[in-house]
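[1] Structure of the sequence below:
(one chain, ligands or ions: 1)
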Amino acid sequence: MKTSLLTLAVLMPCAAAAQKQYNVLYIMTDDHTAQMMSCYDKTNVSTPNLDRIANDGVRFVNSYVANSLSGPSRACMITGKHSHANGFTNNEHGVFDGSQQTMPKLLQAAGYSTALIGKWHLVSTPTGFDHYEIIPGQGEYYNPTFITMDGNTHIEKGYLTNLLTDKAIEWLDAARAQKNADGTQKPFALFLHEKACHRDWLPEIKYLHEYEDVTFPLPHDFNDNFEGRLAAADQEMNIGSDHDMTMDYDIKMYDANNPSRLAETYLSYLGRLDSKDRAAYDQFYDSLAVDFRSRHLTGQALKEFKYQRFMRDYAKVLKTFDDNVGRLLDYLDTTGLSENTLVVYTSDQGFYMGEHGWFDKRFMYEESFNTPLVMRMPTKFEGNVAHGDITEMVQNIDYAPTFLDLAGVEIPEDIQGVSLLPLLEGQHPKNWRQSIYYHYHEYPAEHKVRRHYGVRTADGWKLVHFYPVAAEDTLDAQKIDAWEMYDLNTDPGETHNLYGQKGTEKQLKRLRKELKKLQIQYNDPILETYPIK
Ligand code: CA
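    Numbering: from 1, shown residues only. From the prediction side, this is the model:
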């Protein structure tokens, strides 16, 4: 079969070259989650512009990441490979090897103009882009610093989310004017990587007062007791903890007499504001802080206060981003680019919005293992186009092969993801994957989430192994070696660990087998350290 396909490709080079090459606009946020996107969940906020993409296109309802963390997630996206295969397993020590094969490089070789604007976070110099303008590390929301291709840095006045859209539109204006030798438009792929909605949720000044009249409902497991879950019980991402979620940096109730470990960073961000904006900022949060201190909240009341502040500030940051999605979609419509451009929106992972009493991500539990994913096909796509929900299990390693497929580029054999193009064309391939593999590597590190890997099946079962780091690693003081198993059909919040419980032996056997199959398929070396019998 393979030989005959290859022969066909050799026999029909003209047919391959004649395939229309569509543009790609890939928009990715940081730490945005489906619970805060109204086309997925209307409980908390309205995101009309993000919803436009889903309404005119498709919504993936079983969309997952391979490793729920910024840098690793980005590396999975541009390589189409799991973390162990692309080498960028964690933010703490990771440096992306930019000499390896990446999807932007392959698109470039196929005649695409490629650009990266916004957050990179892979430490090494970006490769595979004709143009890039990135923010250093996590970047700043207010009057941010940018790094240009010549290696120089400069500061621009404004709010980062708005500036990134300005830069995207400026680049698109130039890109759409570029021509191939035959006079047709040279195709492009733009990767617009937002900082929003990453901690520490500093809102655009004009939206300081948004959402202040909203009281967000507490998630049902806001006061989870973590029974039967050792790793979940011993992390550092609790909203209720002053150490994990600080009163100044995170909650903005700054107190000069009681600064947190992150107060200095917080003040340095505010120091970037000009005097007028700083006055507006201080007026808003100082009055809240005075009121807060007069109430002497403790315990559950304090935890709930922090939750409301976190939700409100997050929602404000999101609002500016959603506005900017509207600007971009309007731009595509008015320039006619909508006709030949695939629009993709996703986040680098999901996030906890108070579920289990948490913020942050990392765990393979659904809230952060999931990531929002909506796409809108070119309106003049030559072929069938799907609308509505796509229920097949997809993962962020699938984006690279999807874009290559759309560009008519042969997908290299070592790419581990699969093209989503058949799904976007309304097909439901019978042999589609029935399970997803996950592996989180960053420990010991901030937020103290243990390393773990696991499998999640299409029929709603999950098996996870939290494992200790190497025996000689003295940093891992509290070694946890524990398995968890969930039936999401009866326990969507994953609070009842079924591992080792009577009557679940058959499921465990099946899940172990599936996990081993995936570890072999993806060639994860962890199988040597923790062999599955
Ligand atoms: Ca992130």
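
[2] which residues sit in contact with the residue nearest the centre of the chain?
    Nearest residue to the geometric centre of the chain (C-alpha atoms, centre = their mean): residue 348, 1.2 Å. By C-beta atoms under 8 Å, 6 or more residues apart in numbering, the residues touching residue 348 are 28-31, 65, 69-70, 73-74, 77, 371. (Each C-beta comes from the backbone N, C-alpha and C, glycine too.)

[3] which parts of whichever strand or helix holds residue 264 are buried?
    Using DSSP states H and E, residue 264 maps to helix 263-270. In terms of neighbour count (16 or more other C-beta atoms under 10 Å), helix 263-270 has its buried residues at 263, 266, 269-270.

[4] For the residues you listed, give me JSON lines that also has pLDDT and distance to the ion.
    Shown next, in JSON lines, are these (pLDDT from 0 to 100; distance: C-beta to the ion, whole Å):
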{"residue": "263", "pLDDT": "98", "distance to the ion": "23"}
{"residue": "266", "pLDDT": "98", "distance to the ion": "19"}
{"residue": "269", "pLDDT": "98", "distance to the ion": "18"}
{"residue": "270", "pLDDT": "98", "distance to the ion": "23"}
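
[5] quick check, nearest of those residues to residue 400?
    residue 269 (33.6 Å; C-beta to C-beta).

[6] For the residue in the stretch 101-250 of the chain that the ion sits nearest to, the count of nearby residues, please.
    Of all residues in the stretch 101-250 of the chain, the one sitting closest to the ion is residue 198 (6.1 Å; C-beta to the ion). Applying other C-beta atoms under 10 Å, we find 21 residues neighbouring residue 198.

[7] again with the one 5 residues further on
    Other residues within reach of residue 203 by the criterion other C-beta under 10 Å amount to 25.

[8] Check residue 533 too.
    If you count neighbours by other C-beta under 10 Å, residue 533 ends up with 4.

[9] check contacts around residue 249.
    So residue 249 contacts 200, 260, 262-263, 265-266 (C-beta under 8 Å, 6+ apart).

[10] pLDDT score for residue 93?
    Note for residue 93: predicted pLDDT of 89.

[11] Could you pull up phi and psi at it?
    For residue 93, the backbone dihedrals (degrees, to the nearest 10) come out as phi -120, psi 0.

[12] what does residue 23 give?
    Dihedral angles for residue 23 - degrees, to the nearest 10 - are phi -80, psi 160.

[13] Over to the one 3 residues further on?
    For residue 26, the backbone dihedrals (degrees, to the nearest 10) come out as phi -110, psi 110.

[14] can you pull the contacts of it?
    189-192, 344, 346, 399, 403.

[15] residues from this structure in reach of the ion?
    Residues of the chain found near the ion (C-beta under 5 Å from the ion) are 30-31, 70, 348.

[16] And for the nearest residue to residue 187 once chain neighbours are set aside, the neighbour number?
    In this structure, residue 187 finds its nearest non-sequential neighbour in residue 21, 4.0 Å apart by C-beta to C-beta, 6 or more residues apart in numbering. Residues contacting residue 21 under the criterion other C-beta under 10 Å number 22.

[17] wait, isn't residue 421 in contact with residue 405?
    Yes. Contact between residue 421 and residue 405 holds when scored by C-beta atoms under 8 Å: they sit 4.4 Å apart.

[18] quick one: average pLDDT of stretch 221-231?
    Summarised as a single mean, pLDDT over stretch 221-231 is 97.

[19] what secondary structure does residue 463 sit in?
    strand (DSSP: H, G, I helix; E, B strand; the rest coil).

[20] is it true that it touches residue 512?
    Yes. Counting by C-beta under 8 Å, residue 463 touches residue 512, with 6.8 Å between them.

[21] Just want to know which of those two has more residues nearby.
    Comparing residue 463 with residue 512 by other C-beta under 10 Å, the one with more neighbours is residue 463, at 24 against 17.

[22] Pull up the gap between that one and residue 471, please.
    24 Å (C-beta to C-beta, to the nearest Å).

[23] Repeat that for residue 137.
    Going from residue 137 to residue 471 by C-beta to C-beta gives 33 Å.

[24] more neighbours, these two?
    A count of neighbours by other C-beta under 10 Å puts residue 137 above the other of residue 137 and residue 471, at 12 against 8.

[25] pretty sure the more buried one is touching residue 121, no?
    Yes. Residue 137 is within contact range of residue 121, at 6.8 Å (criterion: C-beta under 8 Å).

[26] Quick one: end-to-end length of stretch 425-444, please.
    One end of stretch 425-444 sits 43 Å from the other (C-alpha to C-alpha, to the nearest Å).

[27] Same question for stretch 225-240.
    End-to-end for stretch 225-240, by C-alpha to C-alpha: 13 Å.

[28] same deal with stretch 250-258?
    For stretch 250-258, the end-to-end distance is 14 Å (C-alpha to C-alpha).

[29] From the rest of the structure, what touches it?
    199-201, 245, 247-248, 262-263, 266-267, 285, 288-289, 292-293, 306, 309-310, 313, 359.

[30] Name only those of those that count as buried.
    199-201, 245, 247-248, 262-263, 266, 285, 289, 292, 306, 309-310, 313, 359.

[31] give me the low-pLDDT residue ranges for the protein?
    Where the chain drops to pLDDT under 70, the residues are 1-18.

[32] Kindly recompute the last result at 80.
    Scanning the chain for pLDDT under 80 picks out the ranges 1-19, 471-472, 474-475, 477.

[33] Mind exporting the C-alpha coordinates of stretch 298-311 to PDB?
    Extracted in PDB, the C-alpha atoms of stretch 298-311 (Å, rounded to 0.1, in the frame of the first residue of the first chain):
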ATOM      1  CA  THR A 298      -9.800  34.100  57.300                       C
ATOM      2  CA  GLY A 299     -10.200  30.400  56.400                       C
ATOM      3  CA  GLN A 300     -13.100  29.600  54.000                       C
ATOM      4  CA  ALA A 301     -14.200  33.300  53.700                       C
ATOM      5  CA  LEU A 302     -10.700  34.300  52.600                       C
ATOM      6  CA  LYS A 303     -10.400  31.400  50.200                       C
ATOM      7  CA  GLU A 304     -13.700  32.400  48.600                       C
ATOM      8  CA  PHE A 305     -12.700  36.100  48.500                       C
ATOM      9  CA  LYS A 306      -9.500  35.100  46.600                       C
ATOM     10  CA  TYR A 307     -11.500  32.900  44.200                       C
ATOM     11  CA  GLN A 308     -13.800  35.800  43.300                       C
ATOM     12  CA  ARG A 309     -10.800  38.200  42.800                       C
ATOM     13  CA  PHE A 310      -9.000  35.600  40.700                       C
ATOM     14  CA  MET A 311     -12.000  34.900  38.500                       C
END
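
[34] List the buried residues in that stretch.
    For stretch 298-311, by 16+ other C-beta under 10 Å, it's 302-311.

[35] Could you do stretch 46-59 as well?
    47, 49-54, 56-59.

[36] Per the annotation, how does the chain divide into domains?
    Per the record, the chain has its domains at 205-310, 436-529, by automatic domain parsing.

[37] next one: the longest one to chain centre, how far?
    In other words, domain 205-310. 23 Å (C-alpha atoms, centre = their mean, to the nearest Å).

[38] end-to-end on that domain?
    End-to-end distance (C-alpha to C-alpha), domain 205-310: 16 Å.

[39] Now do the same contact list for residue 290.
    For residue 290, no residue meets the contact criterion (C-beta under 8 Å, 6+ apart).
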